[in-house]
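Chemist: The following comprises the amino acid sequence and a computationally predicted model.
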Protein chains: 2
Amino acid sequence: MTVADKAAATPSPSTPKKSGCLNPLRRLFSSSKSSSATPRTMIGVAAPTAASNGTASKLAAAHAASGKVLTVDTINPHVRTAEYAVRGELAIRSEALRKKLQTDPDSLPFSQVISCNIGNPQQLGQPPITFLRQVTALLEYPALLDPANREVVKNLFPEDAIARAEKLHKAIPALGAYSHSMGIPAIRESVAKFIEKRDGFPANPEHIFLTAGASPGVQTVLQTIIANDHVGILIPIPQYPLYTAAIALNNGRAVPYYLNETGAWTLRSAEVRRAVREAREQGTDVRALCVINPGNPTGNVLSKSDMEAIVSLCYEEKLVLLADEVYQTNVYYPADQPWHSFKHVLRSMPAEVADSVELISFHSISKGMIGECGRRGGYYECVNLDAGVLAQLYKLASISLCPNVQGQLAVELMVNPPQPGDKSYDLYHGEMTGLFESLQRRAQKLGAALATLEGVECNRADGAMYLFPQITLSRAAVAAAEEAGKAPDAFYCLALLDATGVCVIPGSGFLQNPGTWHFRTTFLPPENQLDDFIERIGAFHQQFMDKYRD
Amino acid sequence: MTVADKAAATPSPSTPKKSGCLNPLRRLFSSSKSSSATPRTMIGVAAPTAASNGTASKLAAAHAASGKVLTVDTINPHVRTAEYAVRGELAIRSEALRKKLQTDPDSLPFSQVISCNIGNPQQLGQPPITFLRQVTALLEYPALLDPANREVVKNLFPEDAIARAEKLHKAIPALGAYSHSMGIPAIRESVAKFIEKRDGFPANPEHIFLTAGASPGVQTVLQTIIANDHVGILIPIPQYPLYTAAIALNNGRAVPYYLNETGAWTLRSAEVRRAVREAREQGTDVRALCVINPGNPTGNVLSKSDMEAIVSLCYEEKLVLLADEVYQTNVYYPADQPWHSFKHVLRSMPAEVADSVELISFHSISKGMIGECGRRGGYYECVNLDAGVLAQLYKLASISLCPNVQGQLAVELMVNPPQPGDKSYDLYHGEMTGLFESLQRRAQKLGAALATLEGVECNRADGAMYLFPQITLSRAAVAAAEEAGKAPDAFYCLALLDATGVCVIPGSGFLQNPGTWHFRTTFLPPENQLDDFIERIGAFHQQFMDKYRD
């Protein structure tokens, strides 16, 4: 019997189950007037596809016809369903344009592609933090720490970078070895101290997992929480698409709650309660609430009182709080309401709440002013988690052996930077402040410029690295998009890319209120290019609006 | 309605399905006389646990009782079921002993813990390859490539390392940026050239995915292949436990085929055919065959004719061939039969086979003489894969953004080392040869020593980094193990660790022929400590055999 015969003889048990499962997102969006134009990007999770509506024999026929064991129709349907717009159609097209410019620089109406699809500061020219790279370079090549070379090395590296590298070399003698699966113990201790200092409450290094960026941490945690296809995870709309992707891969249910766009994208706990109630009424086992603060793509920064309401809600509704806090140092406004961690807010509440709500908080070296995206480093801290669950997370980490040590080192240097009085402090402080103030200016300038465009409304980014303007598109534009088989916002973003080389991501990749259209752009283009960037977008926008005027 | 009420009201659909599913490993091992002593480690995949045999209401009760949303009983049952012995009970105990020695050096009958549980050469003192670290250090801190510093830098780094770093710096100007999700294009081109030179057949950089070590590549590929809980993956017994872990996490079926221990752990295709036939008769959709060559934990190196038989089998039975080739440069014997890649063997066959069998081959920077485990780098090459499936793998990679750039750089330096005539060639060649010959001597010496022990048989390691001796244990030892609630081999390994500080892994973690007992040890202890190491193990072994003599 061949594989194909066998597949035909064995109906896949997951296929009929899938088509019968309730999905709140599908239900919510199914009555949207625009759903026909954007069936996949709008729904994001568990969208109906040919295969999931089909039968096992149909899969087997596709399998037999192609001659391949693996085809798009035979692979894991959850892999097929997952979407990740940040590196999706727009990003792939922008790569093709970049290649075209390399071989034929005059072939396009612009001379360079500007990738604003992803928060990737060093790609757009942001320099690395000097002290961080000095220490990592010293650790890479052990001869640089050899006392015999000290006189030469002192000409290239400041003494405190050398001292720090020596200290780390003692704690981590074999940089090339697999570390502890949760991360190097000395670095987890540094992270715990950083959290304690930040929050004013103790942190336990044994509850901290170092990761290769925040994304693998989120994926591991969601994989652990989603026990079956009835488990629901509350996600903000708009969201960062890692969440819908990871929920889809684990065959869970994304339960959307809507951020309040007209109120600067605030999170209202009443709206979360509505989402919990409705999902539970539909049989969804709602277990966790994802909050991104500062917001991605919204830029909103939560107030302490809103955070307290969210923690109370988690206590009352028995929800695990997943706090994506990777933009915690990218907070530009308001100066009088500083950013608070959920750990701080939780621990500040009455003991029955403080000691019971399960919280997992994610942080990363990729954001802030560090911006070490390619190095892949981060951590998550578990608060009030069951010891047995911590052991399971440890086991999961061990299956992948360990997070990369170079990323772990950068976590150490992020949480333990030069201090006043250290030789490198002034340079470090100047670099951090300079980058911060520049991000603040760019956020303000680009946001204000976008808000002046016809039919565009744009909330200020109080934090993070993104603006998420709403565009009101004409009926003619929506019709042209439908003609092209694209969501209206994707149609707009593709036209922008083709006309200007600017790559942004349509709001449908982040999900949005039905019938509204947005795009997400970073405000990371270098400051000296920002005027040109704004002009390019403005000129395109006007042409687009004129072309599709009703 | 609270979460607990909801969980009680909503039976988990995965629970009844799970308990009803056929599992070939469970079936195979259920009649083993020793299964009662080792229910979890022996079965490895989809072992029955309290939760998976229980009911949804039982889960909800546990949930309500602990007050936590997440408990071991409520999390993803596939996370709970997955086992990874290499960093399991023995490794965790060895860490505790190491900590104890730090605080109280005289508290144990040994002065140091020797971790032979994992192929982690630099942890046991193997030095890194100098050229690799020189280039990565230069790239870490851009000032080192500044022409203004050249005269000083030339005193620390050879000119070809500087030239290489400059070349890579041009190809990868922003080391701190997310790279292409499949890996930096220039490095994928280097990998393709390396494969072409190695195999004599073309390789396509667009079919090569850089990864953070081989493990995440294997996990991604298995996640993609396992479409539902009827999909079976053929794995060798003994296996590397990443495979059973990843299959369990994806709720697939591990379909065991047995390597021939009395024939130096050779892989017989007739045995694979038996496994395929029996699994398909039981309704398993057997889709892929995992082969580890050189073998882990067996050390076997396949002959070209055996590999041809395996490829033919994949063609006839329509199986995707997953070739774990991370030990491809750790081949010590025989000199007259060099290691061949499956890509080379496949492409050397008639066109109908060469152009149709789907092959995915994994490689890593962690093994060989490079041994850069902590850096996490590797790649997989896809051969004859459907273009749509490649696009899905690309999308999956993009959800995690990119493999860490420092690991990618080490892949570049592994596949593109100094060449004869380069300033660094002699040092590089000397380091590689010295490490290789030392590994070869250690493999031989430790293998021969283990084979002299009472009741121990040990095949020679022709490749890789491990020995997998079989121990014949007395009835008294088996009874003592049962008394202690341990598998007999785990009981032996725990006693070895407690007596000597030597950490090895019981064979039950790798799976083994029912009723046989083994352990896996690396042969990585430094050569100057090997006599002492052998003596420690020998003395313990004799005491253990005497203590439990029937």
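Modeler: Structure received.

Chemist: In chain A, where's the longest helix?
Modeler: Secondary structure of chain A per DSSP state H: the longest helix is helix A:425-451.

Chemist: buried ones in that one?
Modeler: By neighbour count on 16 or more other CB atoms under 10 Å in any protein chain shown, the buried set for helix A:425-451 is A:427-428, A:431-432, A:435-436, A:438-440, A:442-443, A:445-447, A:449-450. For the C-beta atoms, the positions are set from N, CA and C on the backbone; glycine is no exception.

Chemist: again, but for stretch A:92-102
Modeler: Of all the residues in stretch A:92-102, those buried under the rule 16+ other CB under 10 Å are A:93, A:94, A:95, A:97, A:101.

Chemist: Packing partners of the longest helix of chain A?
Modeler: Other elements packing on helix A:425-451 under the criterion 3 or more CB pairs under 8 Å, 6 or more residues apart in numbering or on different chains; DSSP states H and E are helix A:130-140, strand A:466-467, helix A:530-547.

Chemist: Can you give the distance from the first one to the centre of its chain?
Modeler: Spelled out, it's helix A:130-140. A distance of 27 Å separates the centroid of the chain from that of helix A:130-140, by CA atoms, centre = their mean, to the nearest Å.

Chemist: what angle separates it from helix B:130-140?
Modeler: Interaxial angle, helix A:130-140 versus helix B:130-140 (axes from the mean of the first three to the mean of the last three CA atoms, to 10 degrees): 180 degrees.

Chemist: could you point out which element follows helix A:130-140?
Modeler: Downstream of helix A:130-140, the next assigned helix or strand under DSSP states H and E is helix A:150-153.

Chemist: Any residue of that following helix touching chain B?
Modeler: Yes - legend: contact between helix A:150-153 and chain B by CB under 8 Å from any CB of the partner chain is shown at A:152, A:153.

Chemist: hmm, who's touching that helix?
Modeler: By CB atoms under 8 Å, 6 or more residues apart in numbering or on different chains, the surrounding residues in contact with helix A:150-153 are A:138, A:144, A:145, A:162, B:152, B:155, B:156.

Chemist: Derive a PyMOL selection command for the buried subset of these.
Modeler: Selection of buried members from the contacts of helix A:150-153 for PyMOL, criterion 16+ other CB under 10 Å:
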select buried, (chain A and resi 138+144+145+162) or (chain B and resi 156)
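
Chemist: What is the burial count for residue A:303?
Modeler: Counted by other CB atoms under 10 Å in any protein chain shown, the residues lying close to residue A:303 total 14.

Chemist: Surely it touches residue A:334?
Modeler: No - with contacts counted by CB atoms under 8 Å, residue A:303 stays clear of residue A:334, the gap being 9.5 Å.

Chemist: mind listing the helices for the stretch 351-500 of chain A?
Modeler: Counting by DSSP state H, counting those that start in this stretch, the stretch 351-500 of chain A has helices at residues A:351-354, A:387-399, A:405-415, A:425-451, A:475-484, A:488-500.

Chemist: Looking at these, which is nearest to residue B:548?
Modeler: Proximity to residue B:548 (CB to CB) singles out helix A:387-399 among the helices of the stretch 351-500 of chain A, at 30.7 Å.

Chemist: could you say what helices and strands that closest one packs with?
Modeler: The contact analysis (3+ CB pairs under 8 Å, 6+ apart) places helix A:387-399 against strand A:208-211, helix A:214-225, helix B:77-81, helix B:242-249.

Chemist: Can you add mean pLDDT, mean neighbour count and distance to residue A:510 and give the ones you listed back as JSON lines?
Modeler: Shown next, in JSON lines, are the helices and strands packed on helix A:387-399 (pLDDT from 0 to 100; neighbours: other CB atoms under 10 Å in any protein chain shown; distance: least, CB to CB, whole Å):
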{"stretch": "strand A:208-211", "mean pLDDT": "98", "mean neighbour count": "27", "distance to residue A:510": "23"}
{"stretch": "helix A:214-225", "mean pLDDT": "97", "mean neighbour count": "23", "distance to residue A:510": "16"}
{"stretch": "helix B:77-81", "mean pLDDT": "95", "mean neighbour count": "23", "distance to residue A:510": "28"}
{"stretch": "helix B:242-249", "mean pLDDT": "96", "mean neighbour count": "26", "distance to residue A:510": "28"}
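
Chemist: want to try a markdown table for these, with distance to residue B:540 as columns?
Modeler: Below are those laid out as a markdown table (distance: least, CB to CB, whole Å):
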| stretch | distance to residue B:540 |
| --- | --- |
| strand A:208-211 | 35 |
| helix A:214-225 | 38 |
| helix B:77-81 | 33 |
| helix B:242-249 | 29 |
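
Chemist: Can you say which of these is nearest to residue A:362?
Modeler: helix A:214-225 (4.3 Å).

Chemist: tell me the angle of the closest one relative to helix B:214-225?
Modeler: Computed by the same axes, to 10 degrees, the angle between helix A:214-225 and helix B:214-225 is 50 degrees.

Chemist: distance between helix A:214-225 and the chain's centre?
Modeler: Using CA atoms, centre = their mean, the offset of helix A:214-225 from its chain centre is 12 Å.

Chemist: returning to that earlier point: of all the helices and strands packed on helix A:387-399, which one is nearest residue B:207?
Modeler: Smallest distance to residue B:207 across these (CB to CB): 21.5 Å, for helix B:242-249.

Chemist: Can you pull out the residues in contact with the closest one?
Modeler: Under the criterion CB under 8 Å, 6+ apart, residues A:223, A:399, B:44-46, B:78-79, B:81-84, B:215, B:218-219, B:222-223, B:226, B:233, B:235, B:253-254, B:290, B:511 lie in contact with helix B:242-249.
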